[in-house]
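**Q** Sequence first, then the predicted structure, then my questions.
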2 protein chains.
Amino acid sequence: MKLSTKGRYGVRAMFDLAQHMGEGPVSLKSISERQGISEHYLEQLIAGLRKAGLVKSVRGAQGGYLLGREPDKIKVGDIIRVLEGPIAPTECVSEEDPECCTKSEYCVTRTIWEKVRDSIAEVLDSITLETMLEDAQKFESERSLYMYYI
Amino acid sequence: MKLSTKGRYGVRAMFDLAQHMGEGPVSLKSISERQGISEHYLEQLIAGLRKAGLVKSVRGAQGGYLLGREPDKIKVGDIIRVLEGPIAPTECVSEEDPECCTKSEYCVTRTIWEKVRDSIAEVLDSITLETMLEDAQKFESERSLYMYYI
DNA sequence: TGGATATCTTATTAAAATAGTCGGAATTTG
DNA sequence: CAAATTCCGACTATTTTAATAAGATATCCA
């Protein structure tokens, strides 16, 4: 039940792009340095995000990547689905083309996995890059308040 | 974000034991035949469940396994934790000994994984073998009602 | 125009996890 | 004693993960 680095790195990279909106294209090199992720590896991950339209690319010198749409229109669930595949604790309850076991038309355990799937999807789809930016801002202001009283 | 066969087979095996309560020890062989799971592989899985006290074993001929406690006291989350380890979409939010990344004391993405972890745990801990038995019974009666009208 | 900076594409790889398999020892029943 | 069973440790093939590497293509800027 672990997320792979693909999903985790992907969310961090997308959040990094969100934090640098309005500064023109952001190079993979700068993302990889800030986030401590291999540049070559990031390249693979972002290729998928680009094909899915979550990022736009600008080639050539001074090129880089930009968010494919407004941060409030990019859900964490979108990113995870691109990089990790459909949300599903088991194949038989995959969000797309579930391969049902033929053994039984009704399966008591399947209903469990469906509930798990839905609860994961609900969390991931309730968080957007926009809400992440707000959370980060909120923390920043709380921290400076705290610093003030020391 | 996939459950491995360990967790899936484990839940099915435990549910099988619940369905055969009161019939004396249930052999691995019979479970593996009913569930279509390799007997040798099941052996490995049930060893962990036994050490955790979720099942009791009876050695020798006519031996087998029994639930370690009443089915309403065995949560699906208990089974999953034994076979898959602590519930956690990432190491940094593991239910036990989370290995926090040293990079930042506060991490916007970590709060996401915490929410995912908690929502998974809530689902898995809300379902017991008892509730699974009830669900199976409910389906059975619904199905016979349906059959009646055909 | 040419060099520096980037993205894009494909192939390869080392390590770990997954999903078993195998053989045999120990225990209990009839 | 023989059959049925749990118990235990070692082995293995396949897949996935997490990169690494090399080079082609595109664009900016001096």
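**A** Yep, that arrived. For clarity, every value in this text was computed on a predicted model and none was experimentally measured. Numbering: from 1, shown residues only, chains lettered A, B, ... in the order given.
**Q** What's the per-residue pLDDT of the residue in chain A positioned nearest to DNA strand D here?
**A** Minimum separation of chain A from DNA strand D (C-beta to the nearest atom of the strand) falls at A:G60, amounting to 2.1 Å. Where C-beta positions appear, they are placed from N, C-alpha and C, glycine not excepted. Listed pLDDT for A:G60 reads 98.
**Q** what's the answer for A:Y148, then?
**A** The model reports A:Y148 with a pLDDT of 67.
**Q** for A:M1, same thing?
**A** The confidence metric pLDDT takes the value 91 at A:M1.
**Q** quick one: it from DNA strand C, how far?
**A** Distance from A:M1 to DNA strand C, counting by C-beta to the nearest atom of the strand, to the nearest Å: 8 Å.
**Q** Burial check on that residue, number of neighbours?
**A** Neighbour count of A:M1, defined by other C-beta atoms under 10 Å in any protein chain shown: 21.
**Q** Same check on A:K29?
**A** 11.
**Q** How about the contacts made by it?
**A** By C-beta atoms under 8 Å, 6 or more residues apart in numbering or on different chains, the contact set of A:K29 is A:E39.
**Q** Ok, A:D135 next?
**A** B:108, B:111.
**Q** gap between it and DNA strand C?
**A** 26 Å.
**Q** List the buried residues of the helix or strand hosting that residue.
**A** Element membership for A:D135 (DSSP states H and E) is helix A:129-149. Buried residues in helix A:129-149, counting neighbours by 16 or more other C-beta atoms under 10 Å in any protein chain shown, are found at A:129, A:131-133, A:135.
**Q** of all those, which two lie farthest apart?
**A** A:L129 and A:D135 (10.6 Å; C-beta to C-beta).
**Q** What parts of chain A come near DNA strand C?
**A** Contact residues (C-beta under 7 Å from any atom of the strand) of chain A with DNA strand C: A:25, A:27-29, A:40, A:43-44, A:46-47, A:50, A:57-65.
**Q** quick one, strands of chain A?
**A** A:55-58, A:64-67 (DSSP state E).
**Q** Buried deepest among the ones you listed, which one?
**A** Mean neighbour count (mean count of other C-beta atoms under 10 Å in any protein chain shown) peaks for strand A:64-67 among the strands of chain A, with a mean of 20.
**Q** So which bits of chain A are right by chain B?
**A** Neighbours of chain B within chain A, by C-beta under 8 Å from any C-beta of the partner chain: A:1-3, A:7-8, A:11-12, A:15, A:36, A:76, A:80, A:84, A:87-91, A:103, A:106, A:108-109, A:111-113, A:115-116, A:119-120, A:122-124, A:127, A:132, A:135-136, A:139, A:143.
**Q** Inside helices: which ones of those residues?
**A** A:7-8, A:11-12, A:15, A:76, A:80, A:84, A:108-109, A:111-113, A:115-116, A:119-120, A:122-124, A:132, A:135-136, A:139, A:143 (DSSP state H).
**Q** Was I right to think A:Q62 contacts A:V26?
**A** No - A:Q62 lies out of contact with A:V26 (C-beta atoms under 8 Å); the separation is 10.8 Å.
**Q** quick one, which of those two is more surrounded?
**A** Using other C-beta under 10 Å, the more surrounded residue of A:Q62 and A:V26 is A:V26, with 22 against 8.
**Q** Enumerate the residues of chain A near DNA strand D.
**A** Residues of chain A found near DNA strand D (C-beta under 7 Å from any atom of the strand) are A:4-6, A:9, A:37-38, A:40-41, A:43-44, A:59-63.
**Q** go with 6 Å
**A** Proximity of chain A to DNA strand D is confined to A:4-6, A:38, A:40-41, A:44, A:59-62 under the rule C-beta under 6 Å from any atom of the strand.
**Q** Quick check: A:G7 touching A:R81?
**A** No - A:G7 sits out of contact with A:R81 when judged by C-beta under 8 Å, with a separation of 9.3 Å.
**Q** Can you give me every residue that contacts A:Q35?
**A** A:9, A:12-13, A:16.
**Q** contacting residues around A:D78?
**A** Shown in contact with A:D78 (C-beta under 8 Å, 6+ apart): A:52, A:54.
**Q** Residue of chain A closest to chain B, please.
**A** Relative to chain B, the nearest point of chain A is A:S119 (4.2 Å; C-beta to the nearest C-beta).
**Q** Look at the nearest residue to that residue once chain neighbours are set aside and say how many residues are nearby.
**A** Using C-beta to C-beta, 6 or more residues apart in numbering or on different chains and skipping the chain neighbours, the partner closest in space to A:S119 is B:S119 (4.2 Å). Per other C-beta under 10 Å, the neighbour tally for B:S119 reads 20.
**Q** Tell me the confidence at B:S119?
**A** In the predicted model, B:S119 carries a pLDDT score of 98.
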